[in-house]
Structures are given as C-alpha cells and as structure tokens.
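Undergrad: build the 3D model from these lines:
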Amino acid sequence: MNIDKDLKRIGEQERELQFDSFDLEAAWQLGSTLRRMAAERKLGVVIDITLFSMQVFYAALEGATPDNPNWVRRKRNTVFRLFKSSYSTGLGLLKQQTNLQAKLGLPDAEYAAHGGSFPIVVKGTGCIGAVTVSGLPQREDHNMVVEALAELLGKNHDDLKLEG
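TA: Below is the predicted model of the structure:
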C-alpha cells in the first residue's frame with residue numbers, strides 16, 4: 001500500500017461520489033445495495049446510513065459481532081467531524097505519525113480513524129451524513145462502500161477503486 005497514492009485516489013472518490021440530491025429513497029437504495037453485496041459475498045458486516053438528522057438505514061448480517069455497531073458509531077463520528085472518509089483521515093494521520101487524540105484531542109472512545117465510513121455529499125450543499133460498513137479489514141470496509149456508491153451513482157468502479 002502506498003499512502004500517497006491511496007490518499008490521492010480517495011480524494012478522487014470523494015469528489016466523484018457525490019449526489020445531486022439525497023433522500024430516504026436514495027438511502028434505502030444505497031443500504032440495500034450494500035446489504036445485497038454483503039449477503040452475496042457472505043460477509044458478516046454491519047451497514048449504517050445516518051444523516052445529521054437521523055439514522056435512515058441499518059442492517060447487521062450473520063457473522064457481525066457486538067463490536068461492529070460501536071466501530072460504526074466511532075467511524076461515523078470521524079466523518080461527521082471532519083467531512084471526509086474515515087480511511088482518508090486514518091491514512092493522513094498515519095503519514096503524519098500521529099492519531100486523532102494527539103492531533104485533535106478526539107478520544108478513541110468516540111472517534112475512529114479506520115476505513116469504512118464515507119461522507120454522503122450533495123453537490124452544492126456539502127456533507128449531509130455518512131454511509132458506514134464495519135466487519136472487514138478497514139481497507140475492505142472502505143472499498144465496499146466505494147463500490148456501492150459507484151454502482152448507485154453510475155460511476156465506473158474500476159476507475160475509482162484503490163489499487164492493490
């Protein structure tokens with residue numbers, strides 16, 4: 001893994017994977033896409049879509065653990081605080097050889113800079129929420145979210161996915 005290449009690609013993902021509008025139907029479609037992907041691949045994950053106003057989709061698949069909802073909450077909090085993917089945040093901190101507590105005073109009990117949470121951005125509005133997956137290694141959590149967003153938004157996933 002090359003941190004600089006991944007950070008550049010994640011920046012591209014965050015610019016490309018934005019919605020013209022996002023409502024409860026879009027949340028259902030995104031969550032259902034993620035759930036279908038996880039079920040087909042027999043992945044034990046938790047899937048969460050939360051807007052700043054409320055949780056709008058949640059699913060836990062066979063094999064998920066009691067720790068996954070807490071990871072979802074902490075990764076989502078990171079997106080809500082910084083308005084960028086939790087994986088981008090984690091890689092940036094790794095590159096700087098620091099962490100959220102040391103850099104921003106954010107406690108580990110409430111925030112996690114691990115892959116799997118991605119901002120829901122509406123063009124012309126900004127970040128309105130986050131879509132989060134927990135249960136896989138962090139890079140795979142991130143990749144799964146990006147794949148579902150690309151599918152839903154009609155983008156070419158091969159052009160956006162992380163290499164390697």
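Undergrad: C-alpha only now, for contacts and for neighbours.
TA: Will do.
Undergrad: in what helix or strand does the residue lying farthest from the centre of the chain lie?
TA: In the chain, the residue that sits farthest from the middle, by Cα atoms, centre = their mean, is residue 102; the gap is 22.7 Å. Here residue 102, judged by DSSP states H and E, is contained in helix 100-104.
Undergrad: and the residue nearest the centre of the chain?
TA: The centre of the chain sits closest to residue 117, judged by Cα atoms, centre = their mean, with a distance of 2.1 Å.
Undergrad: can you show me the strands along the protein?
TA: According to DSSP state E, the chain carries its strands in the segments 46-51, 55-60, 117-122, 126-134.
Undergrad: save those as CSV, and put in mean pLDDT too.
TA: Shown next, in CSV, are the strands of the chain (pLDDT from 0 to 100):
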stretch, mean pLDDT
strand 46-51, 98
strand 55-60, 98
strand 117-122, 98
strand 126-134, 98
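Undergrad: state the distance from the residue farthest from the centre of the chain to residue 124.
TA: Distance, residue 102 to residue 124, by Cα to Cα, to the nearest Å: 33 Å.
Undergrad: so who does the closest residue to residue 76 other than its chain neighbours touch?
TA: Leaving aside its sequence neighbours, residue 76 sits nearest to residue 117 (Cα to Cα, 6 or more residues apart in numbering; 5.7 Å). Listed by Cα atoms under 8 Å, 6 or more residues apart in numbering, the contact partners of residue 117 are 72, 75-76, 79, 85-87, 130-133, 141-142, 145.
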